[in-house]
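>>> Have a look at this fold, sequence not included:
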DNA sequence: CACACATATCGGAAAATCGCGATATAGCGG
DNA sequence: CCGCTATATCGCGATTTTCCGATATGTGTG
């Protein structure tokens, strides 16, 4: 969750990004307020799965798995509040990925 | 081969990078002179497929397909000279990829 | 506790990918 | 033209990925 230089984690990250829908979700999360309103402020805790699922137009299970993939790649973090799991971009990790591509790839 | 903004093209690039051997090849190409000597200067035209194949320890057809994947992702360019196809990193595109991840992903 | 809702996980069929050997194409030299 | 070499493409079995519906788990409410 912090460094990410080793090849196995890196492959995991690229694999998570090798799906157009997952890439789109990541881009959508740049503007959490573009999603429908929710109890918790999306800017702070992230966007709840239901809203991501609706926008991506995939099944509930697929949405859940997509977000799990992005999370295990370290690209998003999750925050469970009550019944809702909220997902938010991990800007630090995304920045590190850009650095890594520039310097080591 | 030029801009690469949309999620489908971007996913293609990440797919090419989701294979450890292909990533290694890209890294090897940072130092073309680390390959055996060849008629054409590797620094200028790139490294010929045969040398890449030998170092990656994959079959000839696999090596050819790996490089085709990297090329259609825009990460390398190819230069055919006589019977040899040489592959060289596309530093501009790799730089753009890093920028793109930082700004648009 | 019973129920509704949100999410996670399971199991599997279909689709995509992997990496190879076989074969085709292309360029050189005799 | 013929043989030799380098590379590209084809075809295929094996493996992996994809995405779903079904189901399980977790959480709030009455």
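All right, it came through fine. Remember, it's a predicted structure, so these values are computed and weren't measured experimentally.
>>> where does chain A have low pLDDT?
For chain A, residues meeting the criterion pLDDT under 70 lie at A:1-8.
>>> And residue A:47, its phi and psi?
Note on residue A:47: backbone dihedrals following degrees, to the nearest 10 are phi -100, psi 140.
>>> What are the buried residues along the host helix or strand of residue A:26?
Using DSSP states H and E, residue A:26 sits within helix A:20-28. Of the residues in helix A:20-28, those scored as buried under the neighbour-count criterion (16 or more other Cβ atoms under 10 Å in any protein chain shown) are A:20, A:22-26, A:28. Where C-beta positions appear, they are placed from N, C-alpha and C, glycine not excepted.
>>> Give me every residue in chain A that's in contact range of DNA strand C.
A:48-50, A:53, A:60-61, A:64-65, A:67-68, A:78, A:80, A:83-86 (Cβ under 7 Å from any atom of the strand).
>>> Now do the phi/psi pair for the residue nearest the centre of chain A.
Computing the C-alpha centroid of chain A and ranking residues by Cα atoms, centre = their mean puts residue A:76 first, at 3.6 Å. Note on residue A:76: its backbone torsions stand at phi -140, psi 160 [degrees, to the nearest 10].
>>> Let me see the contact set for it.
For residue A:76, the set of contacting residues under the criterion of Cβ atoms under 8 Å, 6 or more residues apart in numbering or on different chains consists of A:26, A:29, A:46, A:67, A:70, A:87-90.
>>> Most neighbours of all these, which one?
residue A:87 (28 neighbours; other Cβ atoms under 10 Å in any protein chain shown).
>>> wait, it sits on residue A:53?
No: with contact defined as Cβ atoms under 8 Å, residue A:87 does not count as touching residue A:53 (10.9 Å).
>>> I'd say residue A:33 and residue A:46 touch.
No: shown here, residue A:33 and residue A:46 do not form a contact pair, counting by Cβ under 8 Å, at 11.8 Å.
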